[in-house]
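# coordinates for the following, if possible.
(one chain, ligands or ions: 1)
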Amino acid sequence: MQHAYESSLVTASPWWRPDPGTSLVIQGGHRLAGTYPISGAKNAALPLMVSALLTPHLLTLHNVPANLDVAVLSNLLHGLGVGVSWSKNARMGLSLTLCADQVRPAFIDRDLVGRMRASVLLLGALLARCGEASLPMPGGDAIGLRGIDFHVAGLLAMGASVDIAGGVIHARAPQGLHGATIILPSPSVGATENLLLAAVLANGTTVIGNAAREPEIADLLLCLQTMGARVEGIGSDVLTVHGGVPLTGAVHSVMPDRIELGTVACAAALMDSEILLRHARADLLGAAGPVLANAGVELKEVDEGVIARRSSLGLTGVDIETRPYPGFATDLQAPAMAMLSTARGASAISETIFEQRFRHVDELRKMGANIAVRGQTAWVRGVERLTAARVMATDVRAAAALVLAGLGATGETVLDGLDHLDRGYDGMTEKLVACGAVMHRTTV
Ligand code: UD1
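Alright, predicted model coming up:
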């Protein structure tokens, strides 16, 4: 099976790393200091990249995170006939220009789609642009059932026909899509984005009720507005799109990654260190901001970003319940748990978004964490210190959590499954090393 790193497109891109390594060796116990630059948000960059399919004109995205999911999606878009070109400069970061003047809806690589859940977004955009789309069932993190029924129901309401056979979704709308009123059963991020992408080129008005309110959706809508789309309700749970307006090109800068901010802030607090998170925006954390503050993660907004450090009261157990935005992000649940493993007192961490998002618990236990899982709640009793072990990352956010655990542990932790970390983060290991962490990549 071809690894995304090996494909010619990725090797031509500015972040290609000849030897990414499969494991990370972390020497625990080194305090952090200095500046950690927060990258553009992965979860904003992916739908923004797909929006290039809606126009024959150029879409340029600045501040694109150099992670493996972005690489895989750029390869998928290239396979669909989209022109892809990269550039890098100190002010804008990594920039990506996409040109979908020709789109071939038939060419979708099953292996690449299998790597990433967000590839399902191609469905709405391709259907709207080409009147048809065939997409292998998307893959991604094994963190729950992750159905696509909301996506499909919304596209059906917009006049598409959809068949799923042999692991492939076939969608057709030969006469084009039309506007519809769609109330989502729950505020799914991906379904909201998929239906927005379809609605922009559909004839008439689409209203999406119970829409997800994650800031990455607002970022997508701002870019679509720059491209000429007529949308209302940005930031709210009722989004209205007056579709059918031909879109122009645009230049857009990807918003900063709030998950990377929360994760590295937890690392700073865990290590009793102070780090400047450059470009970070604390206001994007929603409920996670006050909850982390109660746990002892101090965040101070400054001109350059956010300074993160442990509060003088130390780390204290807190209760967390993951919820759609502005609730506590499920993507911060695992890193917060790693930090709370050594906090004073107990924490009850409930996961309400994904059914199987506690796979990091066994790995944290190998490192001495005291965690009991009952149903969808993990009960964490803080221990004095974690101890190094060989652990396995099972998804993107679990990988980040185990990096934190390794930083705080006594001894040498080996983290396998490093590609999960690289899928979601742009140079996290290098950026931590620049702040004083001691870790290196290895292939053994
Ligand atoms: C996105 C994020 C992911 C984050 C998640 C929740 C991206 C690329 N990924 O994932 O990092 O953890 O939001 O904030 O942005 N569901 C259905 N049927 C559907 C769609 C969703 O049952 O048709 C369920 C899912 O199984 C899950 C829940 O809804 O239990 C939330 O999923 P959703 O918000 O769609 O997450 P993603 O878009 O996959």
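# could you check how far the residue of the stretch 151-300 of the chain found nearest the ligand is from residue 299?
Nearest residue of the stretch 151-300 of the chain to the ligand: residue 190, at 2.8 Å (CB to the nearest ligand atom). All C-beta spots, glycine's among them, are computed from the backbone N, C-alpha and C. Here the criterion is CB to CB, to the nearest Å. By it, residue 190 lies 28 Å from residue 299.
# do the same with residue 382
From residue 382 over to residue 299 (counting by CB to CB), the distance is 21 Å.
# kindly report the same for residue 293.
Distance from residue 293 to residue 299, by CB to CB: 7 Å.
# mind checking which of these two has more residues around it?
Higher neighbour count among residue 293 and residue 299: residue 299, with 20 against 15, using other CB atoms under 10 Å.
# what bridges to the more buried one?
Per DSSP bridges, the residues bridged to residue 299 are residue 308.
# please report the distance of it from residue 385.
Taking CB to CB as the measure, residue 299 falls 25 Å from residue 385.
# quick check: which ranges of the stretch 201-350 of the chain have low pLDDT?
Across the stretch 201-350 of the chain, no stretch falls below the confidence threshold (pLDDT under 70).
# which residues of the protein lie near the ligand?
For the chain, the residues in contact with the ligand (CB under 6 Å from any ligand atom) are 43, 46, 117-118, 144-151, 186, 188-191, 212, 330-331, 353-354.
# now for residue 430, how many residues are close by?
Neighbours of residue 430 (other CB under 10 Å): 12.
# that one in helix, strand or coil?
helix (DSSP: H, G, I helix; E, B strand; the rest coil).
# what does the pLDDT read for it?
Residue 430 carries a pLDDT value of 95.
# what's the answer for the one 10 residues further on, then?
Note on residue 440: pLDDT of 96.
# bridge partners for it, pull those for me.
Under the criterion DSSP bridges, residue 440 forms beta bridges with residue 25.
# count of residues packed around it?
Neighbours of residue 440 (other CB under 10 Å): 12.
# so how far is the ligand from it?
Noted for residue 440: a distance of 27 Å to the ligand, by CB to the nearest ligand atom, to the nearest Å.
# quick check, that residue in contact with residue 25.
Yes - counting by CB atoms under 8 Å, residue 25 is a contact partner of residue 440 at 5.5 Å.
# neighbours of the closest residue to the residue of the stretch 151-300 of the chain closest to the ligand other than its chain neighbours, how many?
With CB to CB, 6 or more residues apart in numbering as the criterion, residue 190 has its nearest non-adjacent residue at 6.0 Å, and that residue is residue 120. Neighbour count of residue 120, defined by other CB under 10 Å: 24.
# residue 368 too?
Residues near residue 368, counting by other CB under 10 Å: 18.
# ok, now which ones touch it?
Shown in contact with residue 368 (CB atoms under 8 Å, 6 or more residues apart in numbering): 383, 385-387, 389, 409.
# can you list the domain ranges for the chain.
Domain ranges of the chain: 23-39+256-442, 42-253, per automatic domain parsing.
# show the end-to-end separation of the longest one, please.
Taking CA to CA, to the nearest Å as the measure, domain 42-253 stretches 12 Å from start to finish.
# chain center to that domain, what's the gap?
Between the centre of domain 42-253 and the centre of its chain there are 15 Å (CA atoms, centre = their mean, to the nearest Å).
# one step back: other SSEs contacting the helix or strand the residue of the stretch 151-300 of the chain closest to the ligand falls within?
Per DSSP states H and E, residue 190 falls inside helix 189-201. Other helices and strands packing on helix 189-201, by 3 or more CB pairs under 8 Å, 6 or more residues apart in numbering; DSSP states H and E, are helix 42-51, helix 121-130, helix 149-157, strand 204-209, helix 215-226, strand 238-243.
# packing partners of the last one?
The elements that strand 238-243 packs onto, with contact taken as 3+ CB pairs under 8 Å, 6+ apart, are helix 189-201, strand 204-209, strand 230-232.
# strand partners (parallel or antiparallel) of the helix or strand just after that strand?
Next along the chain after strand 238-243, taking DSSP H and E as the criterion, comes strand 250-253. Under the criterion DSSP bridges, strand 250-253 sits next to strand 58-62 (parallel) in its sheet.
# before I go, just wanted to say thanks for your time.
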